[in-house]
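*Asks:* okay, predicted coordinates and the sequence, questions at the end:
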Amino acid sequence: MTADTPEFPRAIKSFVTRAGRMGTGQIKALAELGPRFVLPYQTERLDPAAVFGRQAPLVLEIGFGMGGATAEIAAALPDHDFIGCEVHEPGVGALLKLIGERELPNIRIVQHDAVEVLEHMVGPAALAGVHIFFPDPWHKKRHHKRRLIQPAFVAKLVQHLQPGGYLHCATDWQPYAEQMLEVLSAEPLLQNTASGYADKPAYRPLTKFEARGLRLGHGVWDLVFRRRA
Ligand SMILES: C[S@@+](CC[C@H](N)C(=O)[O-])C[C@H]1O[C@@H](n2cnc3c(N)ncnc32)[C@H](O)[C@@H]1O
């Protein structure tokens with residue numbers, strides 16, 4: 001019996017794997033820095049203290065794209081450690097390139113579905129924070145089931161947050177922002193840090209795309225919730 005039989009439907013993924021072109025800088029970064037900064041996906045728990053060689057607040061980022069915000073935040077918060085999950089290989093190469101250029105020792109990458117990474121590699125209450133910036137909005141109604149922020153996933157995710165740990169989501173798609181607010185507000189273990197949407201926290205850099213959108217009058221919505229003690 002295969003994973004696709006009706007008895008075992010394949011889990012719906014929040015991404016589609018695209019073949020992407022890698023630049024030469026990304027290919028070089030992957031070869032030279034991959035062995036040190038990319039952690040292989042595994043079904044056993046990670047020991048963050050062993051991985052980073054220290055005890056520090058650990059932040060997980062889901063879907064870092066090309067890693068610009070990840071690198072910026074890791075540089076600004078050297079006392080925090082960051083694990084970034086991204087399935088798109090050119091993005092992994094791009095972040096590795098930034099890690100090399102900016103000499104960032106506090107980032108590791110897992111090139112795998114973050115839902116499975118959370119389930120298998122991250123322990124309960126292991127995370128000080130989770131960043132989900134501009135997750136795929138899946139505009140069409142028939143694709144809404146692919147959106148990451150859904151009650152069942154959020155219920156699992158909060159189990160990996162320390163009491164007081166935060167979940168920070170941002171989106172530029174208003175209907176998804178509304179779904180996020182509804183789903184996060186309904187999770188009993190989460191408490192909103194704002195009354196509704198939050199002001200953009202200072203640590204989240206403005207992306208070029210976002211700055212352009214804001215100039216054109218498009219909105220961006222940040223949501224910051226904390227796990228209750
Ligand atoms: C719209 S992009 C945004 C990227 C980046 N956060 C930004 O703000 O530019 C969403 C990214 O999330 C990644 N992604 C979606 N679902 C994922 C998952 N379950 N695990 C890891 N990456 C995922 C996609 O590959 C894509 O690169």
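*Replies:* The structure has been received and is ready for your questions.
*Asks:* next one: L214 from Q55, what distance?
*Replies:* 38 Å (CB to CB, to the nearest Å). Any C-beta I mention is one placed from the backbone N, CA and C, and that applies to glycine too.
*Asks:* go on, T17?
*Replies:* Where Q55 is concerned, T17 sits at a distance of 35 Å (CB to CB).
*Asks:* over to A94?
*Replies:* Counting by CB to CB - A94 and Q55 are separated by 29 Å.
*Asks:* and those two? Which one has more around it.
*Replies:* A94 (25 against 9; other CB atoms under 10 Å).
*Asks:* in whichever strand or helix holds the more buried one, what's buried?
*Replies:* Per DSSP states H and E, A94 falls inside helix 89-102. If you call a residue buried by 16 or more other CB atoms under 10 Å, then helix 89-102 has these buried ones: 89-100.
*Asks:* swap in stretch 128-141?
*Replies:* 128-138.
*Asks:* just stretch 171-180 next, same as before
*Replies:* By 16+ other CB under 10 Å, the buried positions in stretch 171-180 come out as 171-173, 176-177, 179-180.
*Asks:* tell me which two of these sit farthest apart.
*Replies:* D172 and Q179 (13.7 Å; CB to CB).
*Asks:* all strands of the chain, in order?
*Replies:* 58-62, 81-85, 107-110, 127-133, 161-171, 190-192, 221-227 (DSSP state E).
*Asks:* paired strands for the second one, with orientation please.
*Replies:* On the basis of DSSP bridges, the sheet neighbours of strand 81-85 come out as strand 58-62 (parallel), strand 107-110 (parallel).
*Asks:* chain center to that strand, what's the gap?
*Replies:* Offset of strand 81-85 from its chain centre (CA atoms, centre = their mean, to the nearest Å): 8 Å.
*Asks:* next: the longest one.
*Replies:* Taking the mean C-alpha point of strand 161-171 and that of its whole chain, the gap between them comes to 11 Å (CA atoms, centre = their mean).
*Asks:* cool, and stretch 39-56?
*Replies:* 17 Å.
*Asks:* so which residues make contact with that stretch?
*Replies:* 58, 79-81, 83, 105-106, 108-112, 116-117, 120-123, 126 (CB atoms under 8 Å, 6 or more residues apart in numbering).
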